[in-house]
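Student: no FASTA, just this:
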Ligand code: EPZ
């Protein structure tokens, strides 16, 4: 099982490029199920989660072709021979976002058998809203033996209201509604930029969608969709993660192939912590102070502070000057990185969904264990500033969401290497 060895103390400086967004690519690749024509995607990040989804789609009968070399970020999917609308537990348990095939399969095939994703380290992660929405659109849905069985000759447009803001719930229902008979309105919709990127791809395929990016999305169903070529948007969470790594090390970096467009809440907090942040057309620069000032955060749906950046901010607050309060309002168990940060010497007290972080002068390197994707990123940031060596175990979590992590960190001057 791979480990990452980090020698702390290096200021991050220089430049590296940001990859396509994992959380845009996952739903957008599933959109190819909605048409018989080939769909080409560019700037697709090469991540384990993407590989898992492509294997799942291939199992369903989708023809998958991928570029190589400089063209490795190009993927073409041809679902003309889609003949097996099933996502097995073996596939779904390794990547819960596989639930995103449910809506497209019901819309395209009139049926789907998709394993319940089950929980993960950060929470129970139910999919009741996905199911409720499909039922409101006329699908017969039974949940038995750990699978969601959905059937309907053709979905009917409906007015849907999700009980809470759900990103993949909004995405699943938006994709399903594209081929429904009549208009669907999704109220309380997620406003994340990845939802907008998906909507842009669907519209390019011939879907009729308005309101993406707001909390009311209207979709007028059409008979069929066509192929297109779509470029995946930059990964705003990867961008924020490297900005935090530079901030924690008192560094000065430039990130290319990305933008500050969808990171206002994160950039505001980095500036409050004492960083200078400059936006360019498709790049972003950060210059950090010698030592950061503590910043409190409260996670909420977009455009507020993203839960996927919470762990990274716990790491930077661990070495900042002052005390910070971190409130996690989206997931019920997203503080697993706290106990690992404490092994590095961080002063953190947890009380329910609130963490109190008292900044310390120095962290000490130690062996720690990654528990989930963003928790792993926070351990990397802490390892970069800790005295001595930090070894992070179970870094398969990192490989799910950060493309060429150690190469990009090395681009920025970090002393890091992977141990087999
Ligand atoms: C997406 O997960 C992201 N994943 C997550 O990123 C991200 O943390 C999350 O949105 C919140 O922004 C992808 O896009 C692939 P939700 P998702 O449905 O859609 C509850 C990462 O690190 N809920 O918006 O699964 C749920 O339990 C990952 O890249 C229900 O109760 O999250 C949670 O408390 C982690 N019933 C809240 O809503 C439902 O049917 C928000 O979850 C659906 C959700």
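Tutor: Received it, and whenever you're ready, just let me know what you need. This is a predicted model, so every value here is computed, not measured.
Student: For the stretch 151-300 of the chain, what lies in contact range of the ligand?
Tutor: Within the stretch 151-300 of the chain, the positions lying close to the ligand (CB under 6 Å from any ligand atom) are 164, 166, 167, 168, 169. To be clear about C-beta, it is placed using only N, CA and C from the backbone, and glycine gets the same treatment.
Student: ok, the fourth one - contacts?
Tutor: Taking CB atoms under 8 Å, 6 or more residues apart in numbering as the contact definition, residue 168 lies against 27, 97, 99, 100, 130.
Student: which SSE is it in?
Tutor: helix 167-177 (DSSP states H and E).
Student: what comes up buried for the helix or strand of the chain with the lowest mean pLDDT?
Tutor: Lowest mean confidence among the helices and strands of the chain (mean pLDDT, DSSP states H and E): helix 89-92, at a mean of 89. For helix 89-92, the buried set under the neighbour-count rule, 16 or more other CB atoms under 10 Å, comprises 91, 92.
Student: Figure out how far that helix is from the centre of its chain.
Tutor: Distance of helix 89-92 from the chain centroid (CA atoms, centre = their mean, to the nearest Å) equals 19 Å.
Student: Likewise for stretch 151-170?
Tutor: In terms of CA atoms, centre = their mean, the centre of stretch 151-170 is set 21 Å apart from its chain centre.
Student: What of stretch 87-106?
Tutor: When C-alpha coordinates are averaged (CA atoms, centre = their mean), stretch 87-106 and its chain have centres 16 Å apart.
Student: Ends of it, what's the gap?
Tutor: Using CA to CA, to the nearest Å, the end-to-end distance of stretch 87-106 comes to 12 Å.
Student: Just list what the host helix or strand of residue 246 packs against, helices and strands only.
Tutor: Per DSSP H and E: residue 246 is located in helix 236-248. Judged by 3 or more CB pairs under 8 Å, 6 or more residues apart in numbering; DSSP states H and E, helix 236-248 is in contact with helix 22-31, strand 252-256, helix 264-272, strand 283-287, helix 310-318, helix 373-385.
Student: ok and the fifth one relative to helix 373-385, angle-wise?
Tutor: Which is helix 310-318. Helix 310-318 and helix 373-385 are oriented at 20 degrees to each other (axes from the mean of the first three to the mean of the last three CA atoms, to 10 degrees).
Student: re earlier: are any of the residues of the stretch 151-300 of the chain next to the ligand buried, and if so which?
Tutor: The neighbour count (16+ other CB under 10 Å) marks 166, 167, 168, 169 as buried among these.
Student: Tell me the one of these nearest residue 307?
Tutor: Nearest to residue 307 out of these is residue 167 (CB to CB; 10.1 Å).
Student: Return the residues in contact with the closest residue to that closest one other than its chain neighbours.
Tutor: In space, and not counting its chain neighbours, residue 167 is closest to residue 190: 4.5 Å by CB to CB, 6 or more residues apart in numbering. For residue 190, the contacting residues are 165, 166, 167, 169, 170, 171, 301, 302, by CB under 8 Å, 6+ apart.
Student: please redo it, this time with the cut-off set to 6 Å
Tutor: If you count contacts by CB atoms under 6 Å, 6 or more residues apart in numbering, residue 190 has them with 165, 167, 170.
Student: and the closest residue to the last one other than its chain neighbours, helix, strand or coil?
Tutor: Spelled out, it's residue 170. Distance criterion CB to CB, 6+ apart; nearest residue to residue 170, sequence neighbours excluded, is residue 190 at 4.1 Å. Assigned with DSSP: H, G, I helix; E, B strand; the rest coil, residue 190 falls in the coil class.
Student: pLDDT score assigned to residue 190?
Tutor: Per-residue pLDDT puts residue 190 at 98.
Student: Please apply the same query to residue 37.
Tutor: 98.
Student: in what helix or strand does it lie?
Tutor: With DSSP H and E as the test, residue 37 turns up in no helix or strand.
Student: Next, count neighbours for it.
Tutor: 16 (other CB atoms under 10 Å).
Student: and what of the one 5 residues further on?
Tutor: Taking other CB under 10 Å as the neighbour definition, residue 42 ends up with a count of 15.
Student: again, but for residue 413
Tutor: Counted with other CB under 10 Å, the neighbours of residue 413 add up to 17.
Student: With adjacent residues omitted, what lies nearest to the residue of the stretch 1-150 of the chain found nearest the ligand?
Tutor: Minimum separation of the stretch 1-150 of the chain from the ligand (CB to the nearest ligand atom) falls at residue 129, amounting to 3.2 Å. The shortest distance from residue 129 to any non-neighbouring residue, by CB to CB, 6+ apart, is to residue 169 (4.2 Å).
Student: can you tell me how far the one you found sits from residue 147?
Tutor: 18 Å (CB to CB, to the nearest Å).
Student: and stretch 274-288, how far apart are its ends?
Tutor: One end of stretch 274-288 to the other measures 7 Å (CA to CA).
Student: residues making contact with stretch 108-127?
Tutor: 33-34, 85-89, 92, 96, 99, 102, 105-106, 146-153, 331-334, 336, 371-372.
Student: go again using 7 Å as the cut-off
Tutor: Contact with stretch 108-127 is made by 33-34, 82, 85-89, 92-93, 96, 98-99, 101-102, 105-106, 143, 146-154, 179, 331-334, 336, 371-372, as judged by CB atoms under 7 Å, 6 or more residues apart in numbering.
Student: Mind checking which of those residues are in strands?
Tutor: Taking DSSP state E, the ones among the contacts of stretch 108-127 that sit in strands are 86, 87, 143, 147, 148, 149, 150, 151.
Student: List the buried residues in the helix or strand hosting residue 392.
Tutor: In this assignment (DSSP H and E), residue 392 forms part of strand 389-393. For strand 389-393, the buried set under the neighbour-count rule, 16+ other CB under 10 Å, comprises 390, 391, 392, 393.
Student: Columns distance to the ligand and pLDDT on top of the residues you listed, output as TSV?
Tutor: Converted to TSV, the buried residues of strand 389-393 look like this (distance: CB to the nearest ligand atom, whole Å; pLDDT from 0 to 100):
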residue	distance to the ligand	pLDDT
390	21	98
391	23	98
392	17	97
393	19	95
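Student: Redo those residues as JSON lines? Include distance to residue 65.
Tutor: Listed next are the buried residues of strand 389-393 as JSON lines, based on distance: CB to CB, whole Å:
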{"residue": "390", "distance to residue 65": "40"}
{"residue": "391", "distance to residue 65": "39"}
{"residue": "392", "distance to residue 65": "35"}
{"residue": "393", "distance to residue 65": "36"}
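Student: Residue 360: which of those is nearest?
Tutor: For the buried residues of strand 389-393, the nearest to residue 360 is residue 390 (15.2 Å; CB to CB).
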